[in-house]
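Q: sequence below, structure please.
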Amino acid sequence: MSTFGKPVICTSACLGQDIVLDRSTSRIIRELEPYVEFRSICPVLEAGGDLPAQPLKLTRDGDTLRLIDPGTGIDLTERISELSRRYLDSLKPVDGFILQGVNRPARSHKATVYSGSRAIPVTESCSLLFADEVTRRFRGYPIEEYGRFSYRKVRHYFLLRVFLLASFREHKEDHSLQEFHRKNRLLIMKHDHSLFPPLDDTDPDSAEYESLLRRVIAHPPNPKTVAAFFRELIPIVSHPAEFSAAVNDYAANRISEESCIEVLRFELLGKGFEDQSLFAPYPEALKEGAEPDFTRDYWA
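A: Reported below is the predicted structural model:
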């Protein structure tokens, strides 16, 4: 087993390929390719849509939502619904999902819907067919829209969760879930103080453990929870006063969570925490630089 699990990620096939309308390539797909296994599907093309894949037009007539290919005028609603069910029936194992957006059947956020009778565009929240099937079947799994990976926190916590769940899956296959819990204890503890004690007392080999684990990491912890986690470790660090000051700086938004974790790593050296995933939740190459404009000269 590798240091990091190898996540299996289901993604829209047009991400990173030259079949999308704007012919752009998704940066996150390129960066992840060496470290994950992609299982791709393009619901538009699989259902008989036009090439290159056009954004589908959503129309609503009463309570009925239809997906229309604007290039051909074909109603793809039933085809995509059936395709989604059949594809997801066969999709195992999987650790997370990166889906396409902007009026596509894999969208999971807001979309423009046209009135069937007057063709008036209205923006509304709707989970579109493929994404709807994904969220219904895979509760507790990381599911993200690729356009949101420009947000640093979204990217970080998606990667953290998929690599953690891939590690869980691989340890489960190797019958070594006790070791999984030991190596990931601090990372899991940081996420949810209320659910961690029962998880810590649960046999990692039980079905209850997996259910609790998915609940614990379902959402990123808020700064108050993270600060409470850091403070709980103050009694065991080498320099309690200095680390406490760093935690206070984090709680006041003067230093980042990543900086406080790095301070904690040095404070715990020699205490048996060196292999904790908290300090390296996913491959170093996937980390973003601390300063996006690090080499830019604004005065040149």
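
Q: doesn't Ile236 make contact with Leu268?
A: Yes. Assessed by CB atoms under 8 Å, Leu268 is found in contact with Ile236 at 7.4 Å. Heads up, the C-betas are built off the backbone N, CA and C, glycines and all.

Q: which one of those two is surrounded by more residues?
A: Set side by side, Leu268 and Ile236 show more neighbours around Leu268, with 20 against 12, by other CB atoms under 10 Å.

Q: confidence score at the closest residue to the more buried one other than its chain neighbours?
A: Nearest in space to Leu268, with sequence neighbours left out and distances taken as CB to CB, 6 or more residues apart in numbering, is Val237 at 6.4 Å. On pLDDT, Val237 comes in at 98.

Q: gap between Val237 and Phe4?
A: According to CB to CB, to the nearest Å, Val237 and Phe4 sit 26 Å apart.

Q: any weak-confidence spans in the protein?
A: Applying pLDDT under 70 to the chain flags the ranges 1-2, 13-26, 43-56, 61-62, 100-129.

Q: the helices in it, which residues?
A: Taking DSSP state H, the helices of the chain run over residues 27-32, 43-46, 77-89, 130-137, 152-173, 177-191, 196-200, 207-216, 223-232, 240-251, 257-267.

Q: how long is stretch 279-295 end to end?
A: End-to-end distance of stretch 279-295 (CA to CA, to the nearest Å): 26 Å.

Q: quick check: the residue nearest to Leu268 touching Ala245?
A: No. Using CB under 8 Å, Val237 is not in contact with Ala245, being 11.6 Å away.

Q: so which of the two has more stuff around it?
A: Neighbours per residue (other CB under 10 Å) separate Val237 from Ala245, with Val237 holding more: 21 against 12.

Q: pull the CA atoms of stretch 204-220 into CSV?
A: The C-alpha trace of stretch 204-220 is given here as CSV (Å, rounded to 0.1, in the frame of the first residue of the first chain):
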residue,chain,number,x,y,z
PRO,A,204,-12.8,0.5,12.8
ASP,A,205,-13.7,-2.8,11.3
SER,A,206,-17.4,-2.2,11.9
ALA,A,207,-20.0,-0.7,9.5
GLU,A,208,-20.8,1.8,12.2
TYR,A,209,-17.3,3.2,12.0
GLU,A,210,-17.5,4.0,8.2
SER,A,211,-20.9,5.6,8.7
LEU,A,212,-19.5,7.8,11.5
LEU,A,213,-16.4,8.6,9.6
ARG,A,214,-18.4,9.9,6.6
ARG,A,215,-20.5,12.1,9.0
VAL,A,216,-17.4,13.5,10.7
ILE,A,217,-15.8,14.7,7.5
ALA,A,218,-19.0,15.6,5.6
HIS,A,219,-18.3,19.3,6.0
PRO,A,220,-15.1,21.3,6.7
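
Q: can you tell me what sits against it?
A: Contacts to stretch 204-220, defined as CB atoms under 8 Å, 6 or more residues apart in numbering, come from residues 139-141, 153, 157, 160-161, 164-165, 168, 175, 177-178, 180-181, 188, 191-192, 195-196, 198-199, 202-203.

Q: out of those residues, which end up buried?
A: Buried members of the contacts of stretch 204-220, counted by 16 or more other CB atoms under 10 Å: 141, 157, 160-161, 164-165, 168, 177, 180-181, 188, 191-192, 195-196, 199, 202.

Q: thinking again about what came up before, in contact with the residue nearest to Leu268, which residues?
A: Contacts of Val237 by CB under 8 Å, 6+ apart are 243, 264, 267-268.

Q: go again using 7 Å as the cut-off
A: By CB atoms under 7 Å, 6 or more residues apart in numbering, the contact set of Val237 is 243, 267-268.

Q: phi, psi of it?
A: With angles defined as degrees, to the nearest 10, Val237 sits at phi -80, psi 170.

Q: what sits opposite the closest residue to Arg39 other than its chain neighbours in the beta ladder?
A: The shortest distance from Arg39 to any non-neighbouring residue, by CB to CB, 6+ apart, is to Cys10 (4.9 Å). Bridge pairing for Cys10 (DSSP bridges) gives the partners Arg39, Phe97.
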